[in-house]
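Asker: Sharing a sequence plus its predicted fold:
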Amino acid sequence: MQRLSATVRLHRSTLQFEDAACARLERYLAEATHALEGNPDQAEILTDLEQAVADQCTKRMRADQGVVTLAELEPALEEIGSVQLPGAAGPADLSPRDTARPLQQVSEGAWISGVCQGFARYLGLDVTLLRVIAVLLLFVSGGGMIVVYLVLMLLLPYAPLRAGGPPIGKIPAKCREFAGFVRGKFSAATS
């Protein structure tokens, strides 16, 4: 008999991990626990870290996929980053901006262009919350938010598409083409 996967509870999420991914996750969490020894907020930070791992793995899994593999776990852990040792160069704070992610549009999972998706990844927030805020600002600003969104769409660079990632929708693909066209025209006009 050989065990192929393990069920892991990460804060509020329960996921199936293949054995190699489960072993890697255990090492990662053990390193984080060791790095946070003596920190009065250790339990809270580890809980947040577990939830971040669950969210990042879920985001990377295909809809028909039931088990998290190393292919999803490694990039998730890389994006989250490691916990800094107390007294080291940086604080042991796990805020989203500590991972030095650039602010970019993310086409995968986007509804229009990926501006909200990019801000959600950069700020470490739920994209639904940012979309609701954007719609509220649209009504409050009397439509002025459309201009802000278009400017952001043209100014923010696009995150590279992940190999083997989910296909991007028609509207985000067209927005990506349009932004590239406008940027090309603008750079040609200024040269």
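Answerer: Great, that's in hand.
Asker: Distance check, residue 140 against residue 134.
Answerer: Per CB to CB, to the nearest Å, residue 140 is found 11 Å from residue 134. The way it works is simple: take the backbone N, C-alpha and C, and place the C-beta from them, glycine included.
Asker: When those two are compared, which one has more neighbours?
Answerer: residue 134 (16 against 9; other CB atoms under 10 Å).
Asker: chain center to the helix or strand hosting that one, what's the gap?
Answerer: Using DSSP states H and E, residue 134 sits in helix 127-140. Distance, stretch centre to chain centre, for helix 127-140: 19 Å (CA atoms, centre = their mean, to the nearest Å).
Asker: mean confidence score for that helix?
Answerer: On average, the pLDDT along helix 127-140 is 90.
Asker: which of the residues in the following helix or strand past it are buried?
Answerer: Sequence order places helix 144-155 as the next helix or strand after helix 127-140, per DSSP H and E. Across helix 144-155, burial judged by 16 or more other CB atoms under 10 Å covers 145, 149, 150, 152, 153.
Asker: do the same with stretch 63-80
Answerer: Judged by neighbour count using 16+ other CB under 10 Å, the buried positions of stretch 63-80 are 67, 68, 69, 70, 72, 73, 76, 77, 80.
Asker: Next: stretch 9-20.
Answerer: For stretch 9-20, by 16+ other CB under 10 Å, it's 10, 15, 17, 18.
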